[in-house]
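Q: Sequence plus predicted model, see below.
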Amino acid sequence: MSRSATDIDAKRSTYIGLIAGSTVVFMGLVGIGVGLNERMLIDPILSLGYLFVLTVPFVAGFVAANEVVLEGMEEPEKGSRDLLAGGIAGLAGGLVVGLFLVVLNRFDLSEWMPRWGDQLLDLFSFRQGVGLGIVISLVVGAVLGAFGGGIHVLKPEAKRLLTIVGVSVLTLAILEAVVDDFLGEIGLKSLARLLYASGGGLAFVPALIVVAIATALALGFKGKGTELKNQYDAMDEGEQKKYNTYMMFATIATAIILPIFLGKIVNELLANIGLFVLLALGLNIVVGRAGILDIGYVAFFAVGAYAMAVLTTPEAPWRLNDTFANTAFSWLPVLPWLVALPIVVVLTGFVGLLIGTPVIRMRGDYLAIVTLGFGEIIRLLFLSDWLSPTLGGSQGIRNIPGVDIGIAEVNGTDPRAVFWLVAVFVALAIYISHQLETSRIGRAWMAIREDEPVAEAMGINTVTTKLFAFVTGAVLASFSGAIFAAKVGSTFPNSFLLLVSIIILVVVIVGGMGNIPGVIVGAVVLIGILGGPKQPGLLAEFSEFKLLIYGALLVFMMLKRPEGLIPNAARTRELHLEEALQDAWLKGEKPGSDDDEAVATA
Amino acid sequence: MTLLDIKNVTISFGGLTAIDDLNFHVEEGEIVSVIGPNGAGKTTFFNLITGLASPDHGQINFEGESIIGLDPNEITARGIGRTFQNVRLFPQMTILENVMVAQHCRTSQKIWGPLFRTKAYKEEEALIRKNAEEVLGFFGPRLIGYRLHQPAFVLSYANRRRLEIARAMATQPRLLMLDEPVAGMNPMETAELTQLIGKLRSEWGFTIVIIEHDMRLVRDVSDRVVVLDHGVTIAQGSYDHVSTHPDVIEAYLGRSAGDK
């Protein structure tokens, strides 16, 4: 059954378009458009601000043309109607923006909305004034919407090509700082100057060259990825293990060698990412594996950092304070970092036990609220006057020495060394997570996450097992805290806001809960691009909108892809295996003599 | 020898007395069926034994020792394994993992074993794996082979019930409690499981308590049938005795109009 080109749900398209238009206006009013406009991605045609604004009608067109095909229904033919549906959505969006331009021009609401003004007008009208601006926004909206809808018409190969080209150009543009830094360190500064425009952003001609190279590579290596994967799947277990070992050594070698060729800024970024990877791995055990929704996780990070600060700082408040001069602790010498670490780990584990014991008996929402409370209590204790003689109150502890490893001291002034130190602990954390997850304890965690009462009925002591997850999470956080203290050289209660807990949780959820590679990718992408609570990311311009984007991302992921960016690979493979076997069975080749139907007809 | 001995147990939820002064016992090696109309208190009775609910008063002795007040996991460790009426597997875990995790209380490796992959740890893992495959193999080829590494949620309904029994078997119980093991199965599957329940006793040595509505299964497997209604035992004895007992017929069908 073929359908005419006009047979579309115009109402739905318009509705989506209106939402998209309002989204663009909202983005403009909160300042995303103007604020990010200074960061050029491709000089002079695309800035980060425009990327955000223009993506909206494109996505709207894509969504409008996307039809839900139920099983058993004939899939509608792709064609001009997709373009039309997308175009209508884009047009509706353009209309909203156009109307907004009129309002923006006629009234002055800058008193209530700081972003209200000529800059916003210029952005939305492409500097062409209101009249022409309306026309342009309608046209741009419709065209982009149609492009978005047109994606459905494309063949899979063409989609793949477009994705690869688009992603490589954007990646290169976003990674400007890294690439620039890298090329500078290996003496190819001139290449970097060619690649990037002086005001930032990929220069136009190199961008075209990148497009050409990406196209060539995409076409040249077509199907190679699947081929490699098939080869890997065809290997037996021993060979796969060997291959995995090679990959592991390659990764380790990269982690050792790469920082040498990177400058201070990028190494600093890598070190920050590493600290968050550590935290995310810890939280992953607690939330992803054992299913304990802990939103006060920053407490353990804080305890780790403060414990390290107290033990290793010669001028720590408590040493200078008379009250402590003659107490039982006065004999405690100033410890070097490596000696203090075991104490810090044990102490944080103990705090985990202390907080966990009352909390762990609760479930679900109640547990989340209580962990939130404990997270804040710990921070407020550090801030309190009561403990300020020991911990410095809001002044915190300063002049924390770095990590003395014999040949050199690792501290914040040498981010490269910090990165290596972090990398060692990340490797350790990955090892611990992996070994525990695949063991008896790991299985018990999973069972508790799946169905706690049943897990208990199957002989698992849920209280001690959950407590163990909680404490393991705390220990991994203490690694991060201990390095953080030595890296930054000071600890303040303000470094351990609730926000940190939430961002780590978002990292875990977006990356892929319960999955080690997913969590690492999540941390690298989110912390790397957007930045941590206080640490800048690659797109430093985002800092103002970081929380907005984190929040939007969390909502989107929970709605559309709750399994995260990188879902549990083993699970996916199993599901595909099922399909393959099912296909074989349908063709009459019984995979095993199993199947209930076989029994029923016997 | 009396394996499970329940004396004068009462439990009420609010105003409803779910189990009222119940006496019940299971001899070692017996298969006992508990039947009764919906709401008779059968599942509450199971929950009392497995520690998911605790009685207001009365005694529950397992192997001569009181198990009242113990946590469900402690009771499982003592040797009572169970299935659930509304199948409750760990859906995202693989079939193998479902059965492996049930051996938790029979194994002991904690932190150092898995972290350093010690010899003791590897031996224990191998044993867990072997036990798991053995238990799954009990149901023929359905749950083994390529199925081992599939998540439990892909299983058909009947296979989920089988996996639940396998999981209860893996806790290495002395007393196996099956809550409606054939609910939702077709006659062929029911007949097959009836045979397997017999084998659970003869080959595996489990003592078994079954809640079931399928009377053919009850007739074929049970040594003794206990009928509950409104939390009270209204009849017990052989299937033939119970099935003709007037109180039982009344509980299921109501009194005939002429008997007033």
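A: That came in fine, so what should we check first? Numbers count the residues shown, from 1 in each chain, chains lettered A, B, ... in the order given.
Q: thought A:Phe468 was touching A:Gly442?
A: No - A:Phe468 is not in contact with A:Gly442 according to C-beta atoms under 8 Å; the separation is 10.6 Å. C-beta: built from backbone N, CA, C; applies to glycine.
Q: and for the two, which residues touch both?
A: Common neighbours of A:Phe468 and A:Gly442, counting by C-beta atoms under 8 Å, 6 or more residues apart in numbering or on different chains, are absent.
Q: Show me where the stretch 301-450 of chain A has its helices.
A: Secondary structure of the stretch 301-450 of chain A by DSSP state H, counting those that start in this stretch: the helices cover A:317-320, A:322-325, A:337-359, A:364-383, A:388-391, A:415-437, A:440-450.
Q: Comparing the ones you listed, which comes out most buried?
A: Counting by mean count of other C-beta atoms under 10 Å in any protein chain shown, helix A:440-450 has the highest mean neighbour count of those, with a mean of 24.
Q: For B:Glu125, give me its contacts.
A: A:439-440, B:109.
Q: hmm, 10 Å instead?
A: For B:Glu125, the contact set (C-beta atoms under 10 Å, 6 or more residues apart in numbering or on different chains) comprises A:438-440, B:100, B:107, B:109, B:113-114, B:117.
Q: Give me the local confidence score for it.
A: Note on B:Glu125: pLDDT of 95.
Q: A:Thr464 versus that one, what's the distance?
A: From B:Glu125 across to A:Thr464, the span is 20 Å (C-beta to C-beta, to the nearest Å).
Q: Where does pLDDT dip in chain B?
A: For chain B, the stretches flagged by pLDDT under 70 are B:258-260.
Q: tell me the contacts of A:Ala290?
A: Neighbours of A:Ala290 in contact, by C-beta under 10 Å, 6+ apart: A:284, A:360, A:441-442, A:444-449, A:452, A:462, A:465-470, A:472-473, A:514.
Q: Correction: the previous question concerned B:His57.
A: Contacts of B:His57 (C-beta under 10 Å, 6+ apart): B:8-11, B:21, B:68.
Q: now, among those, which is nearest to chain A?
A: B:Ile68 (16.4 Å; C-beta to the nearest C-beta).
Q: My guess is that closest one contacts B:Glu74. True?
A: No - B:Ile68 is beyond contact range of B:Glu74, at 11.3 Å (criterion: C-beta atoms under 10 Å).
Q: Start from the N-terminal end of the stretch 501-602 of chain A and give the helices.
A: Going by DSSP H, counting those that start in this stretch, the stretch 501-602 of chain A shows helices at A:516-525, A:546-560, A:569-586, A:596-601.
Q: Dump the first one to PDB, restricted to CA.
A: Extracted in PDB, the C-alpha atoms of helix A:516-525 (Å, rounded to 0.1, in the frame of the first residue of the first chain):
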ATOM      1  CA  ILE A 516      32.800  -0.700  34.100                       C
ATOM      2  CA  PRO A 517      33.600   0.400  30.600                       C
ATOM      3  CA  GLY A 518      30.300   2.400  30.500                       C
ATOM      4  CA  VAL A 519      31.100   4.200  33.700                       C
ATOM      5  CA  ILE A 520      34.600   5.100  32.400                       C
ATOM      6  CA  VAL A 521      33.200   6.400  29.100                       C
ATOM      7  CA  GLY A 522      30.600   8.300  30.900                       C
ATOM      8  CA  ALA A 523      33.200  10.000  33.100                       C
ATOM      9  CA  VAL A 524      35.500  10.800  30.200                       C
ATOM     10  CA  VAL A 525      32.700  12.200  28.000                       C
END
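Q: who are the neighbours of it, in terms of helices and strands?
A: Secondary-structure packing of helix A:516-525 (3 or more C-beta pairs under 10 Å, 6 or more residues apart in numbering or on different chains; DSSP states H and E): helix A:264-283, helix A:415-437, helix A:498-511.
Q: For chain B, which segments count as helices?
A: Here chain B has its helices, by DSSP state H, at B:42-49, B:72-78, B:95-101, B:112-116, B:119-137, B:157-170, B:187-202, B:215-221, B:239-243, B:246-253.
Q: wait, does the fourth one contact chain A?
A: Which is helix B:112-116. Yes - judged by C-beta under 10 Å from any C-beta of the partner chain, helix B:112-116 and chain A are in contact via B:113-116.
Q: Among these, which one sits closest to chain A?
A: Lowest distance from chain A to those (C-beta to the nearest C-beta) belongs to B:Pro114, with 3.3 Å.
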